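S.K.: need a 3D model of the following:
(one chain, ligands or ions: 1)
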Amino acid sequence: MFFELYWQYFVVGLILYGVVRAFYVYYSKKEKNVQSRHKKDDDFRTPDQIAEVKAEISDPESEDDLTPALPSDLEHVPLKFTKLSLEETMKRSEEFYNLMNKRRSVRTFSSEPVPMDVIKNIVKTAGTAPSGAHTEPWTFVVVTSMDVKQKIRAIIEEEEEINYKKRMGKVWTTDLKPLRTTWIKEYLTEAPCLILLFKQMYSFREDNKKKLHYYNEQSTSIAGGFLLTAIHYAGLVSLTSTPLNSGPALRALLGRPSSEKLTLLFPVGYPSKDCLVPDLERKPVDQIMVEV
Ligand code: IYR
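M.R.: Here you go, the predicted model:
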């Protein structure tokens, strides 16, 4: 009886509910899409993600001690800077490009030794890289002992065999085929020197307080770039290698603390006489640079 009399109101009510709900669903989906698009972007971190990163490097005990790691009265001194003429700047930028453009990744080395003083200068150059809050979050482990090189090679080859056969997958191994790389890494024992670059997630100050190493991944990677540049400038060759899954075993072998993680490994030396490199080309500048 009641429904027969007022059915029109029910219909209108239902339609209104439907429209409001449709709007709600549409807009909440749109908002979610915007958020997840940002989340996929490496650079965008939600407050939760920032908290996660902080938790990885922070120490709750040092939260209430607010003395900075660097002296609080740190002096600021005039920059030592010599301005070059425009012509000189032009010349140097071109010369340096021509030099760096000759750098190649080398996988076959001669066993000719490299003096330790040369290696020291190269590592000193890498240590001039910028770092988060000047924490210098890197350790360069220099290995020349054949015994240790053999142990490193055994660890890496065991893991790499599994990587190549199982972990990497068809697309990855297909992409690598033209480079003729395999899990057998003769350069790890042939090269006279291996430099293993560890990033330090944190360290301890003299007063035993934990020192946080901000942006340790970026800082260490830049130091790796400086290292490669110094190796090349000194007339030596190298290879940027990233031994997948071997980090923990190498860290244990080399006696590094758990605050450090292997970032990159560089064999350093001279190329073998018969050294071949893939005939690759570099992208022209208009493909790697956009002017805004
Ligand atoms: N790390 C492996 C596989 C490898 C991966 C890439 I990406 C390369 O550019 C080259 C090698 C190896 O060293 O064989």
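
S.K.: centre-most residue in this protein?
M.R.: Nearest to the mean C-alpha position of the chain, counting by Cα atoms, centre = their mean, stands residue 221 at 4.6 Å.

S.K.: and the spatially closest residue to it that is not a sequence neighbour, helix, strand or coil?
M.R.: Residue nearest to residue 221 in three dimensions, not counting chain neighbours: residue 263, with 6.7 Å by Cβ to Cβ, 6 or more residues apart in numbering. To be clear about C-beta, it is placed using only N, CA and C from the backbone, and glycine gets the same treatment. Put simply, residue 263 is strand when judged by DSSP: H, G, I helix; E, B strand; the rest coil.

S.K.: could you find the closest non-adjacent residue to the residue of the stretch 151-292 of the chain found nearest the ligand?
M.R.: For the stretch 151-292 of the chain and the ligand, the shortest gap (Cβ to the nearest ligand atom) falls at residue 181, measuring 4.0 Å. Distances taken as Cβ to Cβ, 6+ apart place residue 107 nearest to residue 181, at 7.1 Å, with adjacent residues excluded.

S.K.: residue contacts, the one you found?
M.R.: Residue 107 is in contact with 181, 187, 239, counting by Cβ atoms under 8 Å, 6 or more residues apart in numbering.

S.K.: OK, contacts around the residue in the stretch 1-150 of the chain that the ligand sits nearest to?
M.R.: The ligand sits closest to residue 105 of the stretch 1-150 of the chain, with a gap of 8.0 Å, by Cβ to the nearest ligand atom. Going by Cβ under 8 Å, 6+ apart, residue 105 touches 238-240, 277.

S.K.: circling back: how about the contacts of residue 107 in a markdown table, adding pLDDT, neighbour count and secondary structure?
M.R.: Formatted as a markdown table, the contacts of residue 107 follow (pLDDT from 0 to 100; neighbours: other Cβ atoms under 10 Å; DSSP: H, G, I helix; E, B strand; the rest coil):
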| residue | pLDDT | neighbour count | secondary structure |
| --- | --- | --- | --- |
| 181 | 95 | 16 | coil |
| 187 | 98 | 20 | helix |
| 239 | 98 | 21 | coil |
